[in-house]
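Trainee: Structure, please.
(one chain, ligands or ions: 2)
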Amino acid sequence: MQLYNTLSAKERAALIEEAGQDRLTISFYQYAHIGNPEIFRNHLFITWNELDVLGRIYVAHEGINAQLSIPAENFEAFKVHLDSVSFLENVRLNIAIEQDNLSFLKLKVKVRKKIVADGLNDHSFDVTDKGIHVGAEQFNELLEDPDTILVDMRNHYESEIGHFKNAITPDVDTFRASLDIIEKDLKDHKEDKKLVMYCTGGIRCEKASAYYKHKGFKQVYQLEGGIIDYARQVENKNLENKFLGKNFVFDHRRSERISDDVIAQCHQCGKACDTHVNCANEACHLLFIQCEECGSKMDNCCSDPCKEVNALPFEEQKKLRKGKGASNKIFKKGRSEVLKFKQ
Ligand SMILES: [Zn+2]
Ligand SMILES: [Zn+2]
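Mentor: Numbering: from 1, shown residues only. Ligands and ions are numbered 1, 2, ... in the order given. All right, here's what the predicted structure looks like:
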């Protein structure tokens, strides 16, 4: 069982050399008991700002969840700092497959109630009673097992562009909603089947696996480090890749390609496409899948009304927006009724 980041000093050195002057995109999380998140937050900000870290970091009493980028040359210093924090020593770092120097543009360290907005009551079950962590190799073996039920713990717009072969991909917008749906669908198999789950970087499965054990599932497994680390292990160890398409990520890159399969379709014309864009109309900003042709035909907008607004001078657009809150269409993602193509 692999509990922590196994990047050796040598592998780290190779990574840094490969990146040269470039930045590395990294994510990690750790559940821990943090007495004073404010003080910890300030400490992180001061130290990481000096190391030119950019990213989005959430700190709470329950732990830390960080997505960031750092100049490759500062990576060693960053690692030394992490190891100096007792609960971050040897924390597993998920390092992006596709690097992009612009993955993050600012350093934001925020104190939150929770490190993931999961909508769960922490006190209802023991979050430390987690599923069995498996690496890529063992995960691949589990997928060959006829007693395995594979579940994608992410939302519909994430699994739409990429998921593991034969995975159940709940049609949900939130993590909380998927928990109940999966439990209902699998209620007759709490004892006889192996419940195997995965998510982007592993954090959602930490809670989900504990939740399902609490609900009576006897054999619960989770992919350690999520899709991000799976892809890295497949590459490093030359394993069979069972992931199809792209891994949706929450930074400027929007996704990283894991296999050449294009499993999604343009939401406007239905052509094979797996590129997410935001509607160019600032007041809309809807996240959806749009092919290049539709992009040029629609001026990068999701609908004709948005195209009209977007064609107005900026000052006039601003006037139209005045007094209106952010559009709630943003949260509909690929589900908006303005999108003509539905699977
Ligand atoms: Zn199209
Ligand atoms: Zn729009």
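Trainee: just checking, Asp152 touches Phe164?
Mentor: Yes: here Asp152 reaches Phe164: they are 7.1 Å apart, a contact under Cβ atoms under 8 Å. C-betas here are computed from N, CA, C, even on glycine.
Trainee: Between those two, point out the one with more neighbours.
Mentor: Each of Asp152 and Phe164 had its neighbours counted (other Cβ atoms under 10 Å), and the higher figure belongs to Phe164 (25 against 21).
Trainee: Distance of that one relative to Lys307?
Mentor: Computed as Cβ to Cβ, to the nearest Å, the Phe164 to Lys307 distance reads 37 Å.
Trainee: circling back: common neighbours of Asp152 and Phe164, please.
Mentor: With contacts taken as Cβ atoms under 8 Å, 6 or more residues apart in numbering, the residues that reach both Asp152 and Phe164 are Tyr198.
Trainee: Show me which residues of the stretch 51-200 of the chain sit near ligand 2.
Mentor: Taking Cβ under 5 Å from the ion, no part of the stretch 51-200 of the chain reaches ligand 2.
Trainee: where exactly do the helices run in the stretch 51-200 of the chain?
Mentor: Ranges of helices in the stretch 51-200 of the chain, per DSSP state H, counting those that start in this stretch, are 75-84, 136-144, 156-159, 175-185.
Trainee: what's the third one in contact with?
Mentor: With Cβ under 8 Å, 6+ apart as the contact definition, helix 156-159 has outside contacts at 152, 167, 169-173, 200, 248, 276, 287, 333-335.
Trainee: farthest pair in those residues?
Mentor: Ala167 and Leu287 (21.7 Å; Cβ to Cβ).
Trainee: More neighbours: the two, which one.
Mentor: Ala167 (21 against 18).
Trainee: what's near enough to touch the more buried one?
Mentor: 150-152, 159, 198.
Trainee: can you tell me which two in these are farthest apart?
Mentor: For those, the maximum inter-member distance is 11.6 Å, found between Leu150 and Ser159 (Cβ to Cβ).
Trainee: now, which of the contacts of helix 156-159 sits nearest Gln67?
Mentor: Thr200 (9.9 Å).
Trainee: gap between the spatially closest residue to Asp126 that is not a sequence neighbour and Glu141?
Mentor: Spatial nearest neighbour of Asp126, chain neighbours left out: Ala210 (6.4 Å); criterion: Cβ to Cβ, 6 or more residues apart in numbering. Relative to Glu141, Ala210 is positioned 23 Å away (Cβ to Cβ).
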